[in-house]
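Novice: here are the coordinates; sequence isn't available:
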């Protein structure tokens, strides 16, 4: 009965590689998010999609490109990985109706760039 | 810019020793204040949403309150299983580029000793 799932859970790769993280939610929500949690545990929003439309795009390097094939899926592709990209990436989802209600988070993907 | 500051950074309690966690915030029009619990290696788990000053919500040993400048998470007679990082986040009123965006504090690491 997983609500928000992410794959993979761990990702170890070399600098310069390209990688993707996938996210799926079965809650029937229409809005999905990507957050980055750094080594100091600060959670910071990166992107948000509502019904496949990009609605939040924070100051993120354009090496990061989100893609939403449908409202239940939001993937994150990262090009030319750098050491500073090492972090835990969380996907979340919520309903937009009623003014964006509480967000439900996935288990996270720990990305390590060597 | 929305800001959230949580204190203390870490809190150690004996089982049964009640205490409070603080979340101070500045936001351009509060839509909602959210409390999450995060266990090591997992995603944040939703606890409460508070919408207006004076509002209170309870769940088991936890009680969240809200004023115009801060929120408190009161923990009554905590147990070791309450040990986790507690995160506070604010959401500004919808509009512009802030749709659904959560701004998080750095969290309070709570440890409850038996």
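Specialist: Right, received. Where do you want to start? Remember, it's a predicted structure, so these values are computed and weren't measured experimentally.
Novice: Run through the helices of chain B in chain order.
Specialist: Applying DSSP state H to chain B gives no helices.
Novice: Close to chain A: what parts of it are there?
Specialist: For chain B, the residues in contact with chain A (CB under 8 Å from any CB of the partner chain) are B:31-32, B:34, B:36, B:41-46, B:49, B:85, B:87, B:89, B:91, B:93-94, B:97-104, B:106-107. Quick note: C-beta positions are derived from backbone N, CA and C, even for glycine.
Novice: Which of those residues are buried? Put it as a PyMOL command.
Specialist: Paste this into PyMOL to select the buried members of the residues of chain B next to chain A, with burial taken from 16 or more other CB atoms under 10 Å in any protein chain shown:
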select buried, chain B and resi 31+32+34+36+43+44+46+49+85+87+89+91+98+99+100+101+102+103+104+106+107
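Novice: Among the residues of chain B next to chain A, name the ones in strands.
Specialist: Counting by DSSP state E, the residues of chain B next to chain A place B:31-32, B:34, B:36, B:45-46, B:49, B:85, B:87, B:89, B:91, B:102-104 in strands.
Novice: and the lowest-mean-pLDDT helix or strand in chain A, what does it pack onto?
Specialist: Least confident element among the helices and strands of chain A, by mean pLDDT, DSSP states H and E: strand A:53-57 (a mean of 82). When contacts are defined as 3 or more CB pairs under 8 Å, 6 or more residues apart in numbering or on different chains; DSSP states H and E, strand A:53-57 packs onto strand A:43-50.
Novice: Quickly run through the sheet partners of the strand it packs on, with directions.
Specialist: The pairing partners recorded for strand A:43-50 under DSSP bridges are strand A:31-37 (antiparallel), strand A:53-57 (antiparallel).
Novice: Neighbouring strands of the helix-or-strand element of chain B with minimal mean pLDDT in the sheet, and parallel or not?
Specialist: Least confident element among the helices and strands of chain B, by mean pLDDT, DSSP H and E: strand B:102-104 (a mean of 92). Next to strand B:102-104 in the sheet, as set by DSSP bridges, lie strand B:84-92 (antiparallel).
Novice: Just the residues contacting the partner strand, thanks.
Specialist: A:41, A:43, A:100, B:2, B:4, B:6, B:21, B:23, B:25, B:27-39, B:44, B:47, B:71, B:73, B:98, B:100-105, B:107-110 (CB atoms under 8 Å, 6 or more residues apart in numbering or on different chains).
Novice: low pLDDT regions in the chain?
Specialist: The chain I'm using is chain A. Low-confidence segments of chain A, defined by pLDDT under 70: A:1, A:97-100.
Novice: Wait, chain B was what I had in mind.
Specialist: Low-confidence segments of chain B (pLDDT under 70): B:94-99.
Novice: ok, 80 please
Specialist: Applying pLDDT under 80 to chain B picks out residues B:93-100.
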